[in-house]
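**Q** Sequence plus predicted model, see below.
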Amino acid sequence: MHVFVTGPSGHAGSYVVPELIAAGHEVTGLARSDESAAAVSALGAKVRRGDLADLDVLKVAAAESDGVIHLGYRADLLRSGGLTALRDSELAIVLALGDALAGTNKPLIVAGSIGAPSNAGRAGRIGAPISLGRPATEDDPALPSGPLDEGTLVSRNIVETIVLSFAEKGVRSSVVRISLIVHSPTDRAGFLVGLTGLAKQKGFVAYPGAGANRWPAVHARDLASLFHLALEKGAAGKTWHAVGNEGVPFREIAEAVAKRIGLPAKSVPADEMMVPRYFGGLSAVVTGDFVASSAITRQALGWAPVQPGLIEDMDNGHYFPAA
């Protein structure tokens with residue numbers, strides 16, 4: 001199968017592309033810059049020069065492929081236009097890809113985000129009570145769109161709904177909802193990196209309140225294998241959960257980081273004053289409880305994560321190299 005991949009040189013893409021090639025697929029990756037093109041070539045894929053803003057390039061590349069995996073997003077828009085601009089960009093991108101594949105029954109796999117029923121209606125509201133609810137499942141609908149100026153996680157959920165609707169237009173479309181934490185030996189900008197950087201600035205590792213709220217995690221290699229399975233076996237109109245650890249308590253994560261960098265772990269009151277003071281840009285999500293299940297995904301696709309879990313992977317030599 002000839003697969004067109006957006007975001008091939010990103011953290012997830014750098015694992016998805018080799019996974020597909022090892023399985024015998026031919027991969028073409030979208031590359032905006034010379035640096036990205038070199039990285040895509042180094043992974044063993046062909047290069048399609050272009051930008052996510054160039055919808056005509058995306059349509060042509062999708063039409064020429066046997067399937068599409070959409071991992072990329074315009075991070076620059078978060079700085080210039082915020083979540084509203086990002087949402088509008090994502091809508092335009094997936095509509096272009098869906099239009100190019102309409103009536104072909106070719107697969108379109110789009111990256112999404114894990115939400116949680118317990119956070120519906122409160123996501124992004126700093127200081128809202130931490131609500132420990134049931135695990136989110138693949139059968140849960142996308143969280144309803146919330147006030148974008150509150151920094152919610154749900155700006156992409158309308159995108160998820162549109163992608164799944166392509167199944168009615170002859171596209172084998174599906175969404176892979178990705179855990180909030182994707183960890184690996186090559187993670188350079190993820191949650192653990194950010195949490196460690198904050199701790200070194202502040203002198204301690206913080207967790208909100210009692211730190212009982214839970215965050216799901218997945219290893220990048222296991223994530224790549226899920227995209228591979230969804231491409232080859234996934235039914236149209238389905239949602240899959242890339243969840244290795246269903247929900248690691250925030251306090252456990254903070255204490256594990258603290259142990260490895262030699263700083264104390266401390267509780268920060270989960271209120272509108274203290275959380276932003278410590279967590280800054282992470283304040284809108286840090287108090288959320290995002291526990292999620294991947295049972296349906298494992299049963300339907302035969303996905304079986306085999307890589308180290310989150311806490312174990314902290315000792316891989318990348319996050320906390322020996323002095």
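**A** That came through, no problem. Numbering: from 1, shown residues only.
**Q** Which stretches in the chain count as helices?
**A** For the chain, the helices defined by DSSP state H cover 13-22, 34-42, 55-63, 75-80, 82-101, 157-165, 191-202, 220-233, 250-261, 274-279, 295-301, 310-313.
**Q** okay, those in TSV with mean neighbour count next?
**A** C-beta here means a position set from N, CA and C on the backbone, and glycine is covered the same way. Below are these laid out as TSV (neighbours: other Cβ atoms under 10 Å):
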stretch	mean neighbour count
helix 13-22	22
helix 34-42	16
helix 55-63	18
helix 75-80	12
helix 82-101	19
helix 157-165	20
helix 191-202	16
helix 220-233	23
helix 250-261	19
helix 274-279	19
helix 295-301	16
helix 310-313	18
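**Q** and of the ones you listed, who's closest to Val176?
**A** Among the helices of the chain, the nearest to Val176 by Cβ to Cβ is helix 220-233 (5.8 Å).
**Q** Restricting to C-alpha, output the closest one in PDB.
**A** Taking Å, rounded to 0.1, in the frame of the first residue of the first chain, the C-alpha atoms of helix 220-233 are listed here in PDB:
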ATOM      1  CA  ALA A 220       5.500   6.000  20.700                       C
ATOM      2  CA  ARG A 221       6.300   2.600  19.300                       C
ATOM      3  CA  ASP A 222       3.000   1.200  20.500                       C
ATOM      4  CA  LEU A 223       1.200   4.200  19.100                       C
ATOM      5  CA  ALA A 224       2.800   3.500  15.700                       C
ATOM      6  CA  SER A 225       1.700  -0.100  15.800                       C
ATOM      7  CA  LEU A 226      -1.900   1.100  16.400                       C
ATOM      8  CA  PHE A 227      -1.800   3.400  13.400                       C
ATOM      9  CA  HIS A 228      -0.500   0.500  11.300                       C
ATOM     10  CA  LEU A 229      -3.300  -1.800  12.500                       C
ATOM     11  CA  ALA A 230      -6.000   0.900  11.900                       C
ATOM     12  CA  LEU A 231      -4.700   1.500   8.400                       C
ATOM     13  CA  GLU A 232      -4.800  -2.200   7.500                       C
ATOM     14  CA  LYS A 233      -7.700  -3.500   9.500                       C
END
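**Q** Who are the packing partners of that helix?
**A** helix 13-22, strand 67-70, strand 107-113, strand 172-178, strand 181-183, strand 238-242, helix 295-301 (3 or more Cβ pairs under 8 Å, 6 or more residues apart in numbering; DSSP states H and E).
**Q** tell me the angle of it relative to strand 107-113?
**A** 150 degrees (axes from the mean of the first three to the mean of the last three Cα atoms, to 10 degrees).
**Q** can you list the residues that contact helix 220-233?
**A** 1, 3, 11-12, 14-16, 18-20, 23, 25, 67, 69, 107, 109, 174, 176, 178, 182-184, 186-187, 240, 242, 244, 297, 301-303, 305-307 (Cβ atoms under 8 Å, 6 or more residues apart in numbering).
**Q** if we go to 7 Å?
**A** When contacts are defined by Cβ atoms under 7 Å, 6 or more residues apart in numbering, helix 220-233 is touched by residues 3, 11-12, 15-16, 19-20, 23, 67, 69, 107, 109, 174, 176, 178, 182-184, 240, 242, 244, 297, 301-303, 305-307.
**Q** And stretch 312-323, by the same measure?
**A** Contacts for stretch 312-323 (Cβ under 7 Å, 6+ apart): 183, 185, 187, 192, 196, 219, 256, 260-261.
**Q** do stretch 251-271 as well
**A** 127, 130, 192, 195-196, 199, 203-212, 215, 274-275, 278, 287, 311, 314, 320.
**Q** What separation do you get for Ala12 and Gly72?
**A** 10 Å (Cβ to Cβ, to the nearest Å).
**Q** And the helices of the chain: which comes nearest Ala136?
**A** Of the helices of the chain, nearest to Ala136 by Cβ to Cβ is helix 295-301, at 11.1 Å.
**Q** Could the C-alpha coordinates of that closest one be exported in PDB?
**A** Output of helix 295-301 as PDB, limited to C-alpha atoms (Å, rounded to 0.1, in the frame of the first residue of the first chain):
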ATOM      1  CA  ALA A 295     -10.200  -2.500  25.600                       C
ATOM      2  CA  ILE A 296     -12.300  -2.100  22.500                       C
ATOM      3  CA  THR A 297      -9.200  -1.200  20.400                       C
ATOM      4  CA  ARG A 298      -7.300  -4.200  21.700                       C
ATOM      5  CA  GLN A 299     -10.100  -6.600  21.000                       C
ATOM      6  CA  ALA A 300     -11.100  -5.300  17.500                       C
ATOM      7  CA  LEU A 301      -7.600  -4.700  16.100                       C
END
